[in-house]
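Engineer: A structural model of the following input is requested.
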Amino acid sequence: MARHTGRLVLTPSDPRAAPDPVRLHDALTAVGLLGAPLGGPPGAYRVGPSFLALITFAGCAVHVDTEARDEGAGPFTHVRLGGPLAEAQLRVGHNTRPPRCPTCRERLADWRATLDPGQPLTCPGCATSAPACAWDWRAQAGCGRLFVDIEEVFPGEAVPTQALMGALEALGAGPWRHFYLQDP
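Structural biologist: Model prediction:
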């Protein structure tokens with residue numbers, strides 16, 4: 001089985017916000033990010049006709065394979081919509097590094113050992129106790145109730161354009177942010 005390349009994740013900056021998923025789907029289809037639904041799990045789509053105009057790729061040898069092949073033939077770039085969840089969820093990956101305290105910016109080196117869903121993280125430098133969603137994960141993890149996952153994108157290799165972020169913000173949930181995850 002091929003290793004997961006990674007994903008670019010988009011979510012509202014306010015982890016409690018979650019625009020209507022039907023409006024999200026319709027807006028992303030209208031701007032051309034979403035194409036036809038993929039067979040299999042609900043919420044998975046081919047990339048749309050404006051995908052490469054809405055996601056900027058940078059790198060030496062970027063390869064964006066957008067064609068689904070037979071089962072097990074390898075990964076391809078596609079979009080998944082997830083949520084809304086009842087509560088904000090912290091999403092981390094293999095690439096996630098220690099977050100920084102929201103008060104003093106100290107790194108929480110042992111965050112994986114101390115992470116307990118629903119419990120705050122405590123800063124070793126200033127003793128601030130804050131929910132995981134309040135910490136600075138530096139685009140290597142993030143919190144939200146609703147997610148747009150651009151699958152099979154190497155972390156840091158793709159960035160959403162202002163046009164895409166503006167279309168998302170127009171949904172009424174405020175500004176959006178992005179981060180990158182890579183499965184082990």
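Engineer: Give me the helices and strands touching the top helix by length along the chain, please.
Structural biologist: In the chain, assigned by DSSP state H, the helix with the most residues is helix 21-31. Contact partners of helix 21-31 among helices and strands, from 3 or more Cβ pairs under 8 Å, 6 or more residues apart in numbering; DSSP states H and E: strand 78-82, helix 162-169. Yep, even glycine has a C-beta here, placed from its N, CA and C like the rest.
Engineer: Show me how far the shortest one is from its chain's centre.
Structural biologist: For strand 78-82, the separation from the chain centroid amounts to 10 Å (computed by Cα atoms, centre = their mean, to the nearest Å).
Engineer: can you check stretch 5-23 too?
Structural biologist: 7 Å.
Engineer: now the end-to-end length of that stretch.
Structural biologist: End-to-end distance of stretch 5-23 (Cα to Cα, to the nearest Å): 29 Å.
Engineer: Name the residues of it that are buried.
Structural biologist: 5-12, 14-15, 17-19 (16 or more other Cβ atoms under 10 Å).
Engineer: okay if I get the residues you listed as a markdown table plus distance to Leu108, secondary structure and pLDDT?
Structural biologist: Output for the buried residues of stretch 5-23, formatted as a markdown table (distance: Cβ to Cβ, whole Å; DSSP: H, G, I helix; E, B strand; the rest coil; pLDDT from 0 to 100):
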| residue | distance to Leu108 | secondary structure | pLDDT |
| --- | --- | --- | --- |
| Thr5 | 27 | coil | 87 |
| Gly6 | 23 | coil | 93 |
| Arg7 | 24 | strand | 96 |
| Leu8 | 24 | strand | 97 |
| Val9 | 21 | strand | 98 |
| Leu10 | 25 | strand | 98 |
| Thr11 | 21 | strand | 98 |
| Pro12 | 24 | strand | 98 |
| Asp14 | 22 | coil | 97 |
| Pro15 | 18 | coil | 95 |
| Ala17 | 25 | coil | 96 |
| Ala18 | 27 | coil | 94 |
| Pro19 | 31 | coil | 94 |
